[in-house]
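In: Provided below for reference: sequence and predicted model.
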Amino acid sequence: MDIGYYPGCALHGSSNDYGSSVQACLAALGARLCELDDWICCGATAAHSLNHMLALALPSRNLAIAEHQGYGEVLAPCPMCSMELLKARDALTSSADMRRKVSEIVELEVQGSTQVFNLIQVLQKIGLEAIQARVVRQLSEFRPACYYGCLLTRPADTVKFDDCEQPSSMETILRSLGAEPVDWNFKTECCGAGMTMADGPTTLELSHKILSNAAAHGANCMVVACPMCHVNLDMKQADIEREYDCRHDLAVYYLSDLVGLALGVDEKTLGIDRHFVVKR
Amino acid sequence: MSGNHHATESDVFSETNVAACYQCGKCSAGCPMAEHMDLLPNQLVRLVQMGRIDRAMRAESLWKCVSCVTCSTRCPKSVDCAGVLDVLRQLAFERGAVPDARRRTLLFQKAFLDNVRRNGRVCELELIGVFKTMAFASDWNVLKLMEDATLAPKLMQRRKFHFVGERVKDRGIVKRIFDRCNSMKLDLPSDSENS
């Protein structure tokens, strides 16, 4: 399976472990990721907070690139990116006037016809049976708290994915690979997202609550599908422990890490050795 | 007022369905930042309904908001509460009305966009350098300046630290996109000009 690939800034930056993980996991499933040529930033939180038109234009430029390169489907592993791409797509398909206006701004004709998928959706597309057929080891020792964060399921009428209060798509995949995901309360509570630099204490507070609830429900690790969530829960875990005088000791895996392990891909190739919190 | 083509409130808030709000408070109940806010999401929506845009856009809450979109998701009347806050943020930014206490957050968003305009993608080291410098020049907080200083070697160890950030090949188009969008302000007259 060939699919267009929009990594986004985080996966090319300090979340390049997620990039390695996604590439390795999907390669083991026979999927080929074709990176969009000269893609640009989606605008993230800054664009939608300060300039509505920019928040539509930046992702639309990427949709235009995908269209012109002939990719009907694009994987965006970062939910901020996938959400902004989907929002732009909705705006473009809503009116010819909007398509014309945006096409002028981005200097490429864009229809908004490209389908955008997150990592979980691509795994669903490949199919549980196809994944199970290639499994070499069960994930029995993992009791993950599957953490979805905000933008995989919200805004619901834009991303149209899973259930925005009690999602279960990650649990379904991991259970089929022998893991025992826990039932817990903070699946979609915000970790503080892009406020890590601007308002550190807020992200520490929100992320601390998430880790605490996961542990209280018997989880021995976290699973995420978002690079911002990973930073706030993994890279900042030591800061959280210091701030709240506690020990969390919860390794934070990307979904592609665990699926990759089940498929026999090694930790180094997946980038697991580059996480901050090490599994004991 | 002749010859002026200002946007009206119904234009800039047109996609947010703000008239439908009946103040049930579900948005505020689900907001993870509610206890840190001066004005709650439902109160901001109420102010907008009443045409008190100036008051609403000066709220510190706008910059405490983490953009989690829980408010819009839970609204039983499909009011796009998160969208209302986005419009208020843009207005506050355009009018220089962001409260001093929240300057740091605004500086980060601005630095982020400037970085993208220059490079096409986020160059993390450059962004952190610029942001930390501008924030320090604004608040003279040495502790905040030094925060995360120990992160650099840890990131380097993990091959996550990029000395040279990446830039897109066609940076001209990025600048032109930014410049076109930057010239499209919301252009809403202040409350005193509205009848």
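Out: Good, I have the coordinates.

In: any idea which helix or strand carries the most centrally placed residue in chain B?
Out: Against the mean C-alpha coordinate of chain B, by C-alpha atoms, centre = their mean, the closest residue is residue B:89 at 4.9 Å. Assignment of secondary structure by DSSP states H and E places residue B:89 within helix B:81-94.

In: And that helix, what's buried?
Out: Neighbour counts over helix B:81-94 (16 or more other C-beta atoms under 10 Å in any protein chain shown) mark B:81-93 as buried. For the C-beta atoms, the positions are set from N, CA and C on the backbone; glycine is no exception.

In: helices and strands of the chain: which one has the lowest mean pLDDT?
Out: Looking at chain A here, since you left the chain open. helix A:195-198 (a mean of 92; mean pLDDT, DSSP states H and E).

In: can you list the weak-confidence ranges in chain B?
Out: For chain B, applying pLDDT under 70 flags the ranges B:1-6, B:192-195.

In: ok, which stretches of it are helices?
Out: All helices of chain B, identified by DSSP state H, fall at B:9-12, B:26-30, B:41-49, B:53-57, B:70-74, B:81-94, B:103-119, B:124-139, B:142-146, B:151-157, B:171-182.

In: okay, those in a markdown table with distance to residue A:233 next?
Out: Supplementary listing: the helices of chain B in a markdown table, determined by distance: least, C-beta to C-beta, whole Å:
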| stretch | distance to residue A:233 |
| --- | --- |
| helix B:9-12 | 36 |
| helix B:26-30 | 21 |
| helix B:41-49 | 25 |
| helix B:53-57 | 33 |
| helix B:70-74 | 18 |
| helix B:81-94 | 23 |
| helix B:103-119 | 20 |
| helix B:124-139 | 19 |
| helix B:142-146 | 22 |
| helix B:151-157 | 15 |
| helix B:171-182 | 32 |
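
In: want to throw the ones you listed into CSV with distance to chain A?
Out: Formatted as CSV, the helices of chain B follow (distance: least, C-beta to the nearest C-beta, whole Å):
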stretch, distance to chain A
helix B:9-12, 9
helix B:26-30, 9
helix B:41-49, 14
helix B:53-57, 13
helix B:70-74, 5
helix B:81-94, 5
helix B:103-119, 4
helix B:124-139, 5
helix B:142-146, 8
helix B:151-157, 6
helix B:171-182, 4
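
In: of all these, which lies closest to residue A:59?
Out: helix B:171-182 (11.0 Å; C-beta to C-beta).

In: Residue most distant from the centroid, chain A?
Out: Relative to the chain centroid, chain A (C-alpha atoms, centre = their mean) has residue A:97 farthest, 31.7 Å.

In: picking that back up, so after the least confident helix or strand of chain A, what's the next helix or strand?
Out: Going down the chain from helix A:195-198, the next helix or strand is helix A:200-216, by DSSP H and E.

In: and that next one, what does it pack onto?
Out: Packing partners of helix A:200-216 (3 or more C-beta pairs under 8 Å, 6 or more residues apart in numbering or on different chains; DSSP states H and E): strand A:144-147, helix A:195-198, strand A:221-224, helix A:237-244.

In: If you count neighbours, what's buried in it?
Out: Of all the residues in helix A:200-216, those buried under the rule 16+ other C-beta under 10 Å are A:200, A:202-215.

In: That helix vs helix B:103-119, what angle?
Out: 90 degrees (axes from the mean of the first three to the mean of the last three C-alpha atoms, to 10 degrees).

In: Just want the angle from helix A:200-216 to helix A:237-244.
Out: If you take the same axes, to 10 degrees, helix A:200-216 sits at 100 degrees to helix A:237-244.

In: Distance check, the nearest residue to residue A:92 once chain neighbours are set aside against residue B:168.
Out: Excluding the flanking residues, the one nearest residue A:92 by C-beta to C-beta, 6 or more residues apart in numbering or on different chains is residue A:112, at 2.9 Å. Using C-beta to C-beta, to the nearest Å, residue A:112 is found at 22 Å from residue B:168.

In: Residue A:153 now?
Out: 30 Å.

In: Same question for residue B:7.
Out: 32 Å.

In: out of the two, which sits in the more crowded spot?
Out: More crowded of residue B:7 and residue B:168, by other C-beta atoms under 10 Å in any protein chain shown: residue B:168, with 17 against 14.

In: Which residues are in contact with that one?
Out: Listed by C-beta atoms under 8 Å, 6 or more residues apart in numbering or on different chains, the contact partners of residue B:168 are A:38, A:39, A:40, B:119, B:120, B:121, B:174.

In: What sits closest to the fourth one if chain neighbours are left out?
Out: Residue nearest to residue B:119 in three dimensions, not counting chain neighbours: residue B:167, with 4.5 Å by C-beta to C-beta, 6+ apart.

In: For chain B, identify the residue most remote from the centre.
Out: Largest centroid distance in chain B under C-alpha atoms, centre = their mean is residue B:157 at 33.4 Å.

In: where in chain A is pLDDT low?
Out: A:280.

In: Start from the N-terminal end of it and give the strands.
Out: A:2-5, A:32-35, A:73-75, A:115-117, A:144-147, A:221-224, A:251-254 (DSSP state E).

In: Partner strands of the first one, with direction?
Out: Paired neighbours of strand A:2-5 in the sheet (DSSP bridges): strand A:32-35 (parallel), strand A:73-75 (parallel).

In: ok, residues contacting the first one?
Out: Contacts to strand A:32-35, defined as C-beta under 8 Å, 6+ apart, come from residues A:1-7, A:22-23, A:26-27, A:69, A:71, A:75.

In: ok, 6 Å please
Out: Contacting residues not belonging to strand A:32-35 are listed as A:2, A:4, A:5 [C-beta atoms under 6 Å, 6 or more residues apart in numbering or on different chains].

In: separation between the second one and residue A:102?
Out: Read it as residue A:4. Per C-beta to C-beta, residue A:4 is found 19 Å from residue A:102.

In: can you check the last one too?
Out: Using C-beta to C-beta, one obtains 23 Å as the distance from residue A:5 to residue A:102.

In: Include mean neighbour count when you put the strands of chain A into CSV, please.
Out: Below are the strands of chain A laid out as CSV (neighbours: other C-beta atoms under 10 Å in any protein chain shown):
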stretch, mean neighbour count
strand A:2-5, 19
strand A:32-35, 15
strand A:73-75, 22
strand A:115-117, 21
strand A:144-147, 28
strand A:221-224, 26
strand A:251-254, 26
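
In: Now residue 168. Nearest residue, chain neighbours left out?
Out: Since no chain was named, I'll use chain A. residue A:162 (6.9 Å).

In: my bad, the chain I had in mind was chain B
Out: residue B:120 is the one closest to residue B:168 (C-beta to C-beta, 6+ apart), at 3.0 Å.

In: Near that neighbour, how many other residues are there?
Out: Using other C-beta under 10 Å, residue B:120 has 26 other residues around it.

In: List the contacts of it.
Out: Taking C-beta under 6 Å, 6+ apart, we find residue B:120 in contact with A:40, B:167, B:168, B:171, B:174.

In: I'd like to know which of those residues are buried.
Out: By 16+ other C-beta under 10 Å, these give A:40, B:168, B:171, B:174 as buried.
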